[in-house]
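Undergrad: Make a model of this:
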Amino acid sequence: MPKIIETCVVGGKEISIETGWWAKQAGGAVIVRCGGSMVLVTATGSQLPRDIDFMPLTCEYQEKYYASGKIPGSYFRREARPSTDETLVCRLMDRPCRPLFPKGWFIDTQIIANVISHDKTHPTDVLAMTGASAAITISDLVWDGPLAAVRVGQINGEFIANPTYDERKLSSLDMIVACSKDAIMMVEGSMHELPEQTILDALMFALEATKPLIELQEKLRAAIGKPKRAFAPPAVDEALHAKVKELGADKLAEAMATREKKKRGGAISEVHTAVAAELCAEGQPWAGKRKEVDGAFSKLVKKYARNLTLSTRRRIDGRSLDEIRAISIEIGVLPKAHGSALFTRGETQALAVATLGTKYDEQKVETLLGDTKRQFFLHYNFPPFSTGETKPLRGTSRREIGHGVLAERSVARILPQYEDFPYTIRIVSEILESNGSSSMASVCGGSLALMDAGVPTTAAVAGIAMGLMKEGGDYAILSDILGDEDHLGDMDFKVTGTTRGVCALQMDIKVDGLTRQILEEALDQARRGRLHILEKMAEALPAARDELSVNAPRIVTVQIKPDKIRDIIGPGGKTIRALQEQTGAQIDVSDAGIVSIASANLRSLEQAQALIAGLTMEPEVGQYYNGIVKRIIEIGAFVEILPGTDGLLHISEISNERIRAVEDVLKEGDEVVVKCVKVDRDGKIRLSRREVLEANPDPDEINNFVI
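TA: Okay, the predicted model is just below:
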C-alpha cells in the first residue's frame, strides 16, 4: 500500500491526513496531524452481521500519556478507564458518524482514536473526529460520508477556526461543529451569554471552515480507498406494512391520543401485542417473523406521530408546537443540604443539590496538559426507575457523563469568580422522572440550588430542548420535546442561557442537514421558551439568598506577606497542623500568601483568624500587647508579644518605681501588658510596662493574640 499524505489549511493551521503505512490490517487507518499533535484513528468492521435490530457502533478515544512525555500518576502507572474528557470525545466521534451508516447496518463497527503525540498547543478532539471520518471513508465500510469537525472560537468579535489552547482562554465562544459537505451534523459548545444571531453566524462559519477537510478526504478516497463491501439494505415487505396498518392504524390513533406517557405507552403496547399475535399466528405468512412485525409496527407509530404533528400542528400530548409543559418548583427541600431544589416540568423531574466545600475538596485531574484542579463540577444521575424500568446499577454511563457536562458548562457561566467566592462547589442532579430533556431540568434545578445555598450567582440560567419533524419542504419546530418526540423526530437541539444570551448548545441532527432559516427559527423559538422558564424560576426564587446556608462552611481569606508563609506552615507543617487541631478550622496557604480559613463554626473561624494574625503580625511602635514572660535575665525579661516574637522589657521599664530585681515584680509565665517603644534596625524589640501603667490604656487598644 503506498504512503499518502494530503494537507490543507484550516484557521491558518496546516492539518495533514496520512495513511498507507500504519495499522495496515485495520479496515482503515489514518494519522491526523496539526503541529506536533498526532492522532492515530482506525475503523474496522466485522465480516458478518449480528442478529440484532440496532447498529453496533463503538467509538473509543484514548490519550496516551507518553504523547506529552508523561508517566501516568495512577498506582499501576498505566492508562486506566477513560477520563471524563476522553468519554466526551468518544461521544463527539459517535454522534455525527452514526446517522451516516445505512439502515440495516448490523455489522460490528469499531472506531479507535489514539493520541500518540501532543504538543500542548493544538487540541486533538477535533482531529480525532475528522480522523474517524477519514478512516471510515478509505475503508471498505459502507457509509454516506465524509464529514469533518472544526472548533470555532471568537476573539475580539472575530471568528477563528481551531483555536489553540492559549487562544481558547481569550475566546467568548468554544464550539465544536461537525459538518458534511453541505450540512451541519452536530454541535457541542459553550459561550459567554452570546446572542442567537452570533451563534447562527458561528455555525455558518464552521460549515465553510470544514470544506477543505472534506475535499482532503475525497482525495484520499480516490487515491487509496478500498472498494466498499457489498451491502443491501433489508428488503421492505410492503404487504406486511400494509397489513400492520390495516390492523393497527385505528387502534393506534386512539392509543396515541392518551396524554400521559406511561398510559400512552401501555396503550400502544396493547395494540402492538394484538397486531403481532394475529400476524404471527400459526398459518399466517409472517409466522415466526416477530422481529419483522415489530419493525413494521414501529414504523407505523413513527409515521403516525410525525403526520399528526405536521398536518394538525399539534403534538401527541395535545400541546401546540411552542408550548412549554407545566412547571412546578420547590426550593430548600432537603433541610441539611446546603442548597436544594426540586424542578418538575411535565413528566420530567430533577432533584438538584448544591454542596459548598473548601480548597481541600477540589478535584484533581490528570491530563496531557498537566495536572489541574477543578473548583466546580456537576454530576448527573439517571436511575432506571426514572423511566419506570429495571436495570442493573453499574458505573456512570457515557450518557450520564455527557448530560452532566452539558449542564455543568451552562451553570459554570453564572458562578462568581473563585477569588471573590473561594468555595469548591458540587451540584448533583438526581433524575427522578424522565420524559423529555432531563439535562435541561438539571440546568434549571442546578441554578436554583446554587441560589438556595446563597451562592452569589450572576444570573439564573435555564435550558430547553427543541425538536424537529421534517418531510420534504414541510417542517415543524417543537419546544420542550417529549422523549417520544426525541426518538421519532429529526433533531435534538438543546439550548441553555440567561436572559442576556446563550450559555451552552448541543445539537444532533438525523436528517441531511438544516437550512439557515430552520436554525434561525429554532434558536428564536428556543429563546422564547427559555425566557418563559426563567420567569417561572424567578417566581419561585427571584435571586440568590442574602446569606450562605447555615449548614455551609464559612471561608475567610487573609492576605499575608509571602515571607510569612513559613511562620504559618512551620517545620514539616507542624504549626499549621497544630492550628487546625486547636481550632477545628481548615487552613490553606497559597504561594501568593493568601490564607483561606474555613469552618462551619463561627467561633472556630474567629479563633483561627486571630491566631494566624498573631503569627503573621509585625510589632508596631506605640501598640499595646498582652504578652507572656518567657525568660528572666539580670537586666530585664523577654516577653512574647506575638507568637514566636519576643521583645526585651528592660528592668527600668518594668515599673514606674525603682525596683531591685526583676523577680520582685515578674516571674516566668506571667501575663503582662506592655507597649512597644522601639524596633531596632536589626529587628530587636524594646518594650515598656512603665508607660502602660502611666497611660492606663483602654482594653480595646491591647492586642490579645497571645494569651
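Undergrad: what about residue 409, how many residues close to it?
TA: For residue 409, the count of nearby residues is 21 (other Cβ atoms under 10 Å). Where you see a C-beta, it was placed from the backbone N, CA and C, and this is true even at glycine.
Undergrad: how close does it get to residue 518?
TA: 24 Å (Cβ to Cβ, to the nearest Å).
Undergrad: Now do the SS call for the closest residue to residue 143 other than its chain neighbours.
TA: Spatial nearest neighbour of residue 143, excluding adjacent residues (Cβ to Cβ, 6 or more residues apart in numbering): residue 136 at 4.9 Å. Three-state assignment for residue 136 (DSSP: H, G, I helix; E, B strand; the rest coil): helix.
Undergrad: Run a quick neighbour tally on residue 136.
TA: Counted with other Cβ under 10 Å, residue 136 comes out at 29.
Undergrad: Show the contacting residues for it.
TA: 28, 43, 97, 111, 143, 145-146 (Cβ atoms under 8 Å, 6 or more residues apart in numbering).
Undergrad: go with 7 Å
TA: 28, 43, 97, 143, 145 (Cβ atoms under 7 Å, 6 or more residues apart in numbering).
Undergrad: which two in those residues are spaced the farthest apart?
TA: 28 and 97 (12.5 Å; Cβ to Cβ).
Undergrad: which one among the contacts of residue 136 gets closest to residue 450?
TA: residue 97 (36.1 Å).
Undergrad: And that closest one, how far from residue 148?
TA: 12 Å.
Undergrad: same thing with residue 446?
TA: Distance from residue 446 to residue 148, by Cβ to Cβ: 34 Å.
Undergrad: Residue 131 too?
TA: Counting by Cβ to Cβ - residue 131 and residue 148 are separated by 10 Å.
Undergrad: same question, residue 170
TA: Distance of residue 170 to residue 148, given as Cβ to Cβ: 25 Å.
Undergrad: More neighbours: which of those two?
TA: Using other Cβ under 10 Å as the criterion, residue 170 and residue 148 rank with residue 148 on top: 31 against 12.
Undergrad: Identify the residue spatially nearest to that one, adjacent ones excluded.
TA: Here the residue nearest residue 148, using Cβ to Cβ, 6+ apart, is residue 213, at 3.5 Å.
Undergrad: Same question for residue 159.
TA: Using Cβ to Cβ, 6+ apart, the closest residue to residue 159 is residue 205 (4.5 Å).
Undergrad: Can you read off the pLDDT for the one you found?
TA: Model confidence at residue 205, expressed as pLDDT, equals 97.
Undergrad: doesn't residue 150 make contact with it?
TA: No. Counting by Cβ atoms under 7 Å, residue 205 does not reach residue 150; the two are 8.8 Å apart.
Undergrad: more neighbours, the two?
TA: residue 150 (26 against 19).
Undergrad: quick one: contacts for that one?
TA: Residues in contact with residue 150, defined by Cβ under 7 Å, 6+ apart, are 10, 126, 161-162, 177, 206, 209-210.
Undergrad: Can you name the residues bridging to it?
TA: For residue 150, the beta-bridge partners are residue 177 (DSSP bridges).
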